[in-house]
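Enquirer: Got a sequence here, can you build the structure:
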Amino acid sequence: MRKISVIIPAFNEENGVGQVIREIPKHLIDEIIVVNNASTDKTDIIARENGATVLHESTPGYGRACLKGIEYAKRLAIRPDIIVFLDADHSDYPEEITQLIQPILDNKAELVIGSRALGNKEKGSMTPQQIFGNWLATRLLKLLYKVRFTDLGPFRAIRFDKLLELDMQDKTYGWTVEMQLKAAKKGLKCVEIPVRYRKRIGVSKISGTVKGTVMAGYKILFTIFKYL
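Expert: Presented below is the predicted three-dimensional model:
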């Protein structure tokens, strides 16, 4: 049986993180790691009450939170075989972890992206800017890195040894696209599976503001060209 850990970056997600943790299929997962990323609410308390290991990253940044979780996993006496990344806002369906990890368990993939583009999106769950941004980014990945993706969705699973080989660096919005382009450059077996997507609990820190949308778009494009 392979050891599987879930890393959940969380910035002020007290309204969603508990529900996300409760819906994770516990029979499959060895440890749920919530990285409390500079939250000023009760995110850490609720996560701990629901059985998660809680880490603290005081500097805001999605990538920073993910890196904190990876560093923790590296120091474990028995490292995980598979890492699942999942958001804390309840926009994804945690029970779909079962389908997400299956290609890795079957040795058919090393990185699995949960694609919202291939799955069913609740109306209003993604802004027009997000949909266009994903379309543009995935087209650039195909053009520049010769890899076909339909989404940069944060819901994903990866073999931990391969994740370490990617030497992830981005600390903010470029995290997901960095993982996908580096996986392409290293020749990892990548697949996408359709996942459902719904309106998040609370307001998005990225797509919910003009500044967040612009900064995320810039960082994603910057990252795509950075590694050419």
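
Enquirer: tell me which element the residue most central in space within the chain is part of?
Expert: Geometric centre of the chain, nearest residue: Pro154, 3.1 Å, by Cα atoms, centre = their mean. Using DSSP states H and E, Pro154 sits in no helix or strand.

Enquirer: Identify the residue nearest it in space, chain neighbours excluded?
Expert: Asp87 (5.2 Å; Cβ to Cβ, 6 or more residues apart in numbering). Quick note: C-beta positions are derived from backbone N, CA and C, even for glycine.

Enquirer: just Asn120 next, same as before
Expert: Nearest residue to Asn120, sequence neighbours excluded (Cβ to Cβ, 6+ apart): Arg196, at 5.0 Å.

Enquirer: could you list every residue that touches the one you found?
Expert: Listed by Cβ atoms under 8 Å, 6 or more residues apart in numbering, the contact set of Arg196 reads 92-93, 96, 119-122.

Enquirer: Let me know the distance separating the residue lying farthest from the centre of the chain from Lys3.
Expert: What lies farthest from the middle of the chain is Ala77; by Cα atoms, centre = their mean that is 24.2 Å. Using Cβ to Cβ, to the nearest Å, Ala77 is found at 11 Å from Lys3.

Enquirer: ditto for Arg64
Expert: For Arg64, the distance to Lys3 - Cβ to Cβ - is 24 Å.

Enquirer: Between these two, which has more neighbouring residues?
Expert: Arg64 (19 against 16; other Cβ atoms under 10 Å).

Enquirer: The more buried one and Leu141: what is the separation?
Expert: 23 Å.

Enquirer: which SSE is Thr98 in?
Expert: Assigned by DSSP H and E, Thr98 belongs to helix 97-105.

Enquirer: Can you get me a residue count around the closest residue to Val147 other than its chain neighbours?
Expert: Nearest non-adjacent residue to Val147, counting by Cβ to Cβ, 6+ apart: Ala184, 3.7 Å away. Here the count is done by other Cβ under 10 Å, and Ala184 has 20 residues near it.

Enquirer: Give me the helices and strands touching the helix or strand that contains Ala184, please.
Expert: For Ala184, the element it lies in under DSSP H and E is helix 175-185. In terms of contacts (3 or more Cβ pairs under 8 Å, 6 or more residues apart in numbering; DSSP states H and E), helix 175-185 is packed against helix 62-74, strand 111-115, helix 128-145, strand 156-159, helix 160-166, strand 190-194, helix 210-226.

Enquirer: switch the cut-off to 10 Å
Expert: Counting contacts by 3 or more Cβ pairs under 10 Å, 6 or more residues apart in numbering; DSSP states H and E, helix 175-185 packs against helix 62-74, strand 82-85, strand 111-115, helix 128-145, strand 156-159, helix 160-166, strand 190-194, helix 210-226.
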